[in-house]
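**Student:** Pasting the sequence and the predicted coordinates here, then a few questions.
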Amino acid sequence: MPAYNREAICQFCNTKIIPPKKGFRSSANGNYICEDCVKLLGQALDVRGKSDGKAKAKKRNKKMTPREIKKELDKYIIDQDSAKISIAIAVYNHYKRMDIKSDVKLSKSNVLLIGPTGSGKTLLAQTVAKMLDVPFAIADCTSLTEAGYVGDDVETILTKLLRSADGSVEKAERGIIFLDEIDKIAKSGGSSGAAKDPAGEGVQQALLKLVEGTIANVPVNGGRRNPNEKYVQVNTENILFICGGAFPGLEEIINKRTAKDTSIGFGANVDKGKEKSISEALSQVETDDLVKYGLIPEIIGRLPVIVSLNELDEEAMVKILTEPKDCIVSQYKEFFKYEGVELEFEEDALREIARETIRRKTGARGLRAIMENILKDAMYNVPSEKNVEKCIVRQGGIVDVVEKCQTMVAACF
């Protein structure tokens, strides 16, 4: 039983607590602590908290070199070495630019990623933001319209970034925004008298200041502008914008520009050359090609780093399935491991999955859908079966089940 009436002695410094000196008694055991020891403990905790905060800030502010960024990207993204190097340099220069104190104005290194669907554009941007520990937001350009039309204002992009930064304007102003499907806001073809396109050139014009750097009034709750809405001001000068798009048909514009002379005569070059692949064509993209496609020169000028990504071949698809840190094969193996079952893939089965993905033209993101379809029956039945030891995925989408008694049975259940 606590001795509440005993002499008040501090349990830390072992001195008597005599008024006017103050002390505090524990209601649990009746022990005392004097006010001097309380102050000392408070100071010690305060110093430790500041020390931990400085250590975290130092770690967070440590600049990764382009080589280190590329090396980290290699863990998650297969091939696309040229794109990864360009992104690494652009990101390094962007954040280095914030620390340089100079009379020379340093422009932003905003990036334009051009590549087929599923080639890794979004994953590149996500991975960079994750490794730098900065807020990240994805905005779908297809939902953006000019002010006064049904759709989202461009300022709603910053609302998403603010949410990613937990409402901190300071953090948001150092974040990364990925503008997906930017090719969908290209100018509509036709004469100058054509009907106004609220989701085309007008959106590009609205994005200009945002991408270049301006102080924008951002609605806290998102949505359309409302006179009664609360706004916060966000400076976009140090926000890195990475834009991505598949740009279907751009290769035709490039091929037309780079076509060899086929004039008639003895000096004519009759060799028309082999037809370029989409990847080969996109690697030769120039700003004039993008203008012909429908992007306005002003928006192209604010995206100085233009990066093309290659189409993924069978070998790259197999690597994506098996090599990255969080590869699809490892994920499914973990699902089956939870049930106490080993999951195994034959090489021929993986290559067949890769070929089917290429045939469907869905890129790397289509791999999971095919895998899900192959393993559907096994994932449905295995949790109810107690004698399954291993599942083997074979060519033709066949899943064989090995029971613990070593008997092989077809996975038709």
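**Tutor:** Sure, I can see it.

**Student:** The spatially closest residue to L295 that is not a sequence neighbour and Y293, how far apart?
**Tutor:** Spatial nearest neighbour of L295, chain neighbours left out: A186 (5.8 Å); criterion: C-beta to C-beta, 6 or more residues apart in numbering. (Each C-beta comes from the backbone N, C-alpha and C, glycine too.) Distance from A186 to Y293, counting by C-beta to C-beta, to the nearest Å: 6 Å.

**Student:** Check which residues of stretch 364-371 are buried.
**Tutor:** A364, G366, L367, I370, M371 (16 or more other C-beta atoms under 10 Å).

**Student:** Could you double-check that the first one sits in contact with S119?
**Tutor:** It stands for A364. Yes: between A364 and S119 there is a contact under C-beta atoms under 8 Å: 7.3 Å.

**Student:** Find residues that contact each of those two.
**Tutor:** Residues touching both A364 and S119 by C-beta atoms under 8 Å, 6 or more residues apart in numbering: L312.

**Student:** Can you find the helix or strand in the chain with the smallest mean pLDDT?
**Tutor:** Every helix and strand in the chain was compared by mean pLDDT, DSSP states H and E; the lowest is strand 408-410, with a mean of 49.

**Student:** Surely L303 and G244 touch.
**Tutor:** No: assessed by C-beta under 8 Å, L303 is found out of contact with G244, at 10.8 Å.

**Student:** the more surrounded of these two?
**Tutor:** Taking neighbours as other C-beta atoms under 10 Å, L303 and G244 compare with G244 leading, 26 against 23.

**Student:** Mind pulling up the pLDDT for the more buried one?
**Tutor:** G244 is assigned 93 on the pLDDT scale.

**Student:** Check which helix or strand it maps to.
**Tutor:** Here G244, judged by DSSP states H and E, is contained in strand 240-245.

**Student:** After that strand, heading C-terminal, what element do we hit next?
**Tutor:** Sequence order places helix 250-258 as the next helix or strand after strand 240-245, per DSSP H and E.

**Student:** Check which residues of that following helix are buried.
**Tutor:** Within helix 250-258, the residues that count as buried by 16+ other C-beta under 10 Å are L250, E251, I253, I254, N255.

**Student:** how about the helices in the stretch 51-200 of the chain?
**Tutor:** Using DSSP state H, counting those that start in this stretch, the helices assigned to the stretch 51-200 of the chain run over residues 66-74, 81-99, 121-132, 156-164, 169-172.

**Student:** K376 is nearest to which of those helices?
**Tutor:** Closest to K376 of those, according to C-beta to C-beta: helix 121-132, at 25.2 Å.

**Student:** between the closest one and helix 156-164, how big is the angle?
**Tutor:** Orientation note: helix 121-132 sits at an angle of 40 degrees relative to helix 156-164 (axes from the mean of the first three to the mean of the last three C-alpha atoms, to 10 degrees).

**Student:** CA atoms only for helix 121-132, dumped as PDB, please.
**Tutor:** Extracted in PDB, the C-alpha atoms of helix 121-132 (Å, rounded to 0.1, in the frame of the first residue of the first chain):
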ATOM      1  CA  LYS A 121       6.600   6.400 -67.300                       C
ATOM      2  CA  THR A 122       4.400   6.600 -64.200                       C
ATOM      3  CA  LEU A 123       6.700   4.100 -62.300                       C
ATOM      4  CA  LEU A 124       9.700   6.300 -63.000                       C
ATOM      5  CA  ALA A 125       8.100   9.400 -61.500                       C
ATOM      6  CA  GLN A 126       6.700   7.400 -58.500                       C
ATOM      7  CA  THR A 127      10.100   5.800 -57.700                       C
ATOM      8  CA  VAL A 128      12.000   9.100 -57.900                       C
ATOM      9  CA  ALA A 129       9.600  10.800 -55.500                       C
ATOM     10  CA  LYS A 130       9.700   7.800 -53.100                       C
ATOM     11  CA  MET A 131      13.500   7.700 -53.000                       C
ATOM     12  CA  LEU A 132      13.800  11.500 -52.400                       C
END
